[in-house]
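Peer 1: Pasted the sequence and its predicted model underneath.
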Amino acid sequence: MNTQPNIDYKFNLPGSILHYPKSFSFKIDYMVLKIKPDFNSKTLKDCEQQLRITTNIDINEIKLDIAELDIENVHSLSSDYIITEFDPTSEEDKLIIKFNKKLPKMLTIDLVIKYSAGYNHVYGNIDGPKIRTPRSGFYFISCDENSSSKQAWTQGESIESRYWFPCIDDPEFKFPREIQITVPEGYDVISNGEGKQSNCGKENMTTWTWIEQKAISTYLTSVVIGNFSSHKDNCNNFQKNKNISLHYYWPKDIEGQGYDAMMTFSDTPNAMRIFEEYFGIEYPFEKYSQVAVDDFEFGGMENASCTTLTRDILHDKRASMDYNFDLFVVAHELAHQWFGDLVTCKEWSHIWLNEGFATFCEGLYWEKYWEKKDQMRKDDEFHYKMLQTADRYFSEANSKYKRPIVTHLYKNPEELFDDHSYRKGGCILHMLRHRVGDDIFKKSLKLYLERNSYKAVETDDLRKTLEELSGLNLQQFFNQWIYKAGHPELEIEYSIVEKEIEKNIKSELKIKITQVQEEGDDIPFEFPLEFKIVFSSDNNDKTPNTIQISQKVTEYTCNIPKDVDIKWISIDPEFKILNEIKSLRIVDEKENFNLKDMLLSQLKNGKTVIEKIQAARILRDKKYSGDDDTLSKLQEVMVL
C-alpha cells in the first residue's frame, strides 16, 4: 500500500501536516449535558456537563477539546481523586484537568464541568472577552422578534462540537449521551435518541430530555430548537419485527408559500426499506427525524437518528415535475445512518468511507426506486446518476487538483470534504460492485457493518472484508484508485488494417488506447475496459468485448467480417470504469468508416444512455454539434 505522503501543492495548503489516528488515555462511558439557550441574548450560559470516564492507562491529567468556552468550575464526584487544577489557557483549545494523584488504568470516575459558550475576544474591545453568541457549533437563528420564527441548531462536523461543550472532537471517539434542553414553552426540541418533555419547575419553561444509548461520535451530537409543523410516519423494517418511528419537521411559514414538505419527505420509508434490504442490516437507531431549518450551511447533516436539512430543499408541486435534488439529499443523509453513524471513519483522512458510501447510495436508491416504478427506465436512470456523479469529480480534478482519496496530509479536515471524497469515492464503490459482483458486494457490506457496528474504521477494514468474501486480492485496486491521485485519461485511435492471407484480403480493426494522465509516478492504471463493436450485421444487444489495460499504450485487434461495415464503437458502455476520453480519432477515414457517421449511429441506436451521451459529447467536442445531420439525430433521440 502507498505509505508515503503524496504532496499535491494545488491541494495542500501552507501549514498542512500529517494526521493519523490518535491514542486516547481514557474513554467517555456516558455524558449528561444540560443547556439553557437564551433566545433573547442569543447566548448559551450556565451549562453543566457530567462525564463518566474510564482510564485506558495510568494518567495524571485529562485533556478535553474546548474552543471559546468559559470554564467556571470542574470537580470530581470521587472523594479519593480530587481535582487540584483545571486550566483552559495553557494549551490552545484544551481544557487540562489535573488530579491530586495518579488515576490508575481502568479506573472509572465522574466529573462535573460548569461552563458558558461564546467566550471570545472582539477586536477593539478593551474590556476583554465576555460571553456572546457562539461563533461556531451552536447557532441562533432569528428572522424577527416573533418567537415562532426563532430557531437554534447545532453543527458538529468536522470539529465544531468543542464550541458548545467540552469533548474529544475526534470521529473515532464514541459514547452514549443524555442531553437536557430547557426552553420556553411552545418550542419543539429534537436531538439524538429518544426524548420526552417535562416541567422544569420554572414558569413558562419546559425541559426536553433526549437519551441516545448507542455509542456515537462527538460530531454527530445534535440539538435543534424551533416552532415547527410536523408529521409522524413509520417504516416496517425488512425483517418485519419492529417499526421505526419517522418524524418530519419544517418551518411553519412555508405553508403560506404553497410549499408541501411531504413531497420531500414522503419517500423516506421506501428509501429506508431499500437500504435495509440491500445492506442486510436493520436501521440502527431508535427513531429517525428529519428537520428542515433556516439558514443551514449545508444541504443536510446526518446527525445520528436526527438529520438536519436546509429548508431550501422544500418545494411546491410545480417544482417537483423536474426536481429530484431533495430526494437525493434525503437518501444521502439516510444512508449515513449506516455509513458514518453506525460505522464511522477512524480519522478524517478516511472520510470517503462516510461520504463516498452516502454518494454511492444516492445512485443505489435511484436504481431501486425506478426498479419498482418503471423497470424500463431503471438502468438509464442509474447510469445517468453515476455519470453525473463522475462529472462532478472530473470538474474538480480538471479545474482544481487531483489528490489521493485517502491522504493524511492536510491542514483542516474541511479540506477533505470535496468531490474526491464524495463523488470519486461513490464511483469507486460503483466499480467495486462490478469488480466483485453484486451478490458478493452486498454480503461484504453486511459483514462490514456487522463487524464494525458503533466502531471506527479505516479503508483497509473495507478492503479486507471484500477480499475475504470475494477471494480476490484487491490491494492493487485500492492502491491505484484510493491511494493514488487521478484517473485514466485516454486517447483512442481506430484504424483498419488490411492483410493478405493466402491470397485473400482480410480486414482487421485496430484500437489503440493511450493513457495520457500526468499525475503519479508514471505507472499506468490497470483495468478491464469494455468496448462494444457493432457491425452492420449485428443487432443492438451485442455483448461488449473486454480489453485488459495495463500499459501506457495498449493495442487491440479483431477481424472484420467480409462485406460488413462497422456501425459504431462504444467505449465502456455501462460506465464500469472511472475514465475520461480526452481524444477520439480515426486514422485514414473512409466513406464507410468515418467518425461522424459512427457517432451519429451510436447516438441514435446506442442501447445505454451512457452510449448516447458519450456520442453526443464527442460530437460536441469535434465541432459536429451544429450541423444539420447532428441536430436531426439529437432531435430524434430527444423525442424517443
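Peer 2: The structure has been received and is ready for your questions.

Peer 1: rest of the way, CA atoms for contacts and neighbours
Peer 2: Fine.

Peer 1: What segments of the stretch 401-550 of the chain are strands?
Peer 2: All strands of the stretch 401-550 of the chain, identified by DSSP state E, counting those that start in this stretch, fall at 409-410, 455-457, 489-501, 504-515, 527-535, 545-549.

Peer 1: Can you check which of those strands gets nearest to residue 356?
Peer 2: strand 455-457 (14.1 Å; CA to CA).

Peer 1: What are the contacting residues of the closest one?
Peer 2: 171, 172, 174, 342, 343, 344, 345, 346 (CA atoms under 8 Å, 6 or more residues apart in numbering).

Peer 1: same question, stretch 376-388
Peer 2: With CA under 8 Å, 6+ apart, stretch 376-388 has contacts from 363-364, 366-371, 427, 574-575, 608-610.

Peer 1: Buried residues, stretch 433-451. List them.
Peer 2: Neighbour counts using 16 or more other CA atoms under 10 Å place 433, 435-436, 440-449 of stretch 433-451 among the buried residues.

Peer 1: circling back to that earlier point, quick one: which of the contacts of stretch 376-388 is the most crowded by neighbours?
Peer 2: residue 427 (26 neighbours; other CA atoms under 10 Å).

Peer 1: Show the model's pLDDT score for it.
Peer 2: Per-residue confidence at residue 427 stands at 98 (pLDDT).

Peer 1: ok, so of the buried residues of stretch 433-451, who is nearest residue 138?
Peer 2: Closest to residue 138, out of all of those and judged by CA to CA, is residue 449, at 31.1 Å.

Peer 1: residues near the spatially closest residue to residue 550 that is not a sequence neighbour, how many?
Peer 2: Once flanking residues are discounted, residue 550 sits nearest to residue 526: 4.4 Å by CA to CA, 6 or more residues apart in numbering. Counted with other CA under 10 Å, the neighbours of residue 526 add up to 16.

Peer 1: residues contacting residue 526?
Peer 2: 548, 549, 550, 551.

Peer 1: Ok, residue 99 next?
Peer 2: Contacts of residue 99 (CA under 8 Å, 6+ apart): 60, 61, 81, 82, 83, 84, 85.

Peer 1: For those residues, pick the one with the most neighbours.
Peer 2: residue 83 (19 neighbours).

Peer 1: Can you give me the distance of it to residue 103?
Peer 2: 11 Å (CA to CA, to the nearest Å).

Peer 1: show me where the protein has helices.
Peer 2: Using DSSP state H, the helices of the chain run over 262-265, 268-279, 325-336, 352-373, 375-399, 425-436, 438-451, 459-470, 475-481, 595-605, 609-621, 628-639.

Peer 1: Pull up the gap between the spatially most central residue of the chain and residue 529, please.
Peer 2: Nearest residue to the geometric centre of the chain (CA atoms, centre = their mean): residue 355, 1.9 Å. Distance of residue 355 to residue 529, given as CA to CA: 27 Å.

Peer 1: do residue 509 as well
Peer 2: When residue 509 is compared with residue 529 (using CA to CA), they lie 17 Å apart.

Peer 1: one step back: ok now do the residue nearest to the centre of the chain, which residues does it touch?
Peer 2: Counting by CA under 8 Å, 6+ apart, residue 355 has contacts 336, 339, 340, 421, 422, 425, 426.

Peer 1: just those residues now: which is nearest residue 153?
Peer 2: residue 336 (19.3 Å).

Peer 1: The closest one is in contact with residue 302, isn't it?
Peer 2: Yes. Look at residue 336 against residue 302 with CA atoms under 8 Å: they come within range, at 6.0 Å.

Peer 1: Give me the neighbour count for the closest residue to residue 52 other than its chain neighbours.
Peer 2: Using CA to CA, 6+ apart and skipping the chain neighbours, the partner closest in space to residue 52 is residue 110 (4.5 Å). Residue 110 has 18 neighbouring residues, counting by other CA under 10 Å.

Peer 1: ok, now which ones touch residue 110?
Peer 2: Per CA under 8 Å, 6+ apart, neighbours of residue 110: 50, 51, 52, 53, 76, 77, 78.

Peer 1: Return the residues in contact with the first one.
Peer 2: Residues touching residue 50, when contacts are defined by CA under 8 Å, 6+ apart, comprise 31, 32, 33, 110, 111, 112, 113.

Peer 1: So how do I select the buried members of those in ChimeraX?
Peer 2: The ChimeraX selection below is limited to those of the contacts of residue 50 classed as buried (16+ other CA under 10 Å):
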select :31,32,33,110,111,112,113
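
Peer 1: Residue 200 against residue 209, yeah?
Peer 2: No. Taking contacts as CA under 8 Å, residue 200 lies outside contact range of residue 209: 10.6 Å.

Peer 1: Who has more neighbours out of the two?
Peer 2: Using other CA under 10 Å, the more surrounded residue of residue 200 and residue 209 is residue 209, with 23 against 14.

Peer 1: Skipping adjacent residues, who's closest to that one in space?
Peer 2: residue 180 (4.5 Å).

Peer 1: now the helices of the chain in a markdown table, with distance to residue 308?
Peer 2: Converted to a markdown table, the helices of the chain look like this (distance: least, CA to CA, whole Å):
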| stretch | distance to residue 308 |
| --- | --- |
| helix 262-265 | 13 |
| helix 268-279 | 14 |
| helix 325-336 | 9 |
| helix 352-373 | 15 |
| helix 375-399 | 23 |
| helix 425-436 | 22 |
| helix 438-451 | 24 |
| helix 459-470 | 27 |
| helix 475-481 | 32 |
| helix 595-605 | 42 |
| helix 609-621 | 34 |
| helix 628-639 | 38 |
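
Peer 1: among these, which gets the worst mean confidence?
Peer 2: helix 628-639 (a mean of 62).

Peer 1: What is the neighbour count of residue 241?
Peer 2: Count around residue 241 with other CA under 10 Å applied: 7.

Peer 1: got a pLDDT number for it?
Peer 2: 73.

Peer 1: Then residue 236?
Peer 2: pLDDT at residue 236 comes out at 82.

Peer 1: residues in contact with it?
Peer 2: 242, 243, 244, 273.

Peer 1: what's the answer for residue 543, then?
Peer 2: Contacts of residue 543 (CA under 8 Å, 6+ apart): residue 532.

Peer 1: for it, phi and psi?
Peer 2: When read as degrees, to the nearest 10, the backbone of residue 543 gives phi -80, psi 140.

Peer 1: Use 7 as the first number from now on
Peer 2: In the new numbering, first residue 7, that becomes residue 549.

Peer 1: From residue 189, how far off is the residue nearest to residue 556?
Peer 2: 59 Å.

Peer 1: who's in contact with the nearest residue in space to residue 561 that is not next to it in sequence?
Peer 2: In this structure, residue 561 finds its nearest non-sequential neighbour in residue 518, 4.5 Å apart by CA to CA, 6+ apart. Residue 518 makes contact with 498, 499, 500, 559, 560, 561, 562, according to CA under 8 Å, 6+ apart.
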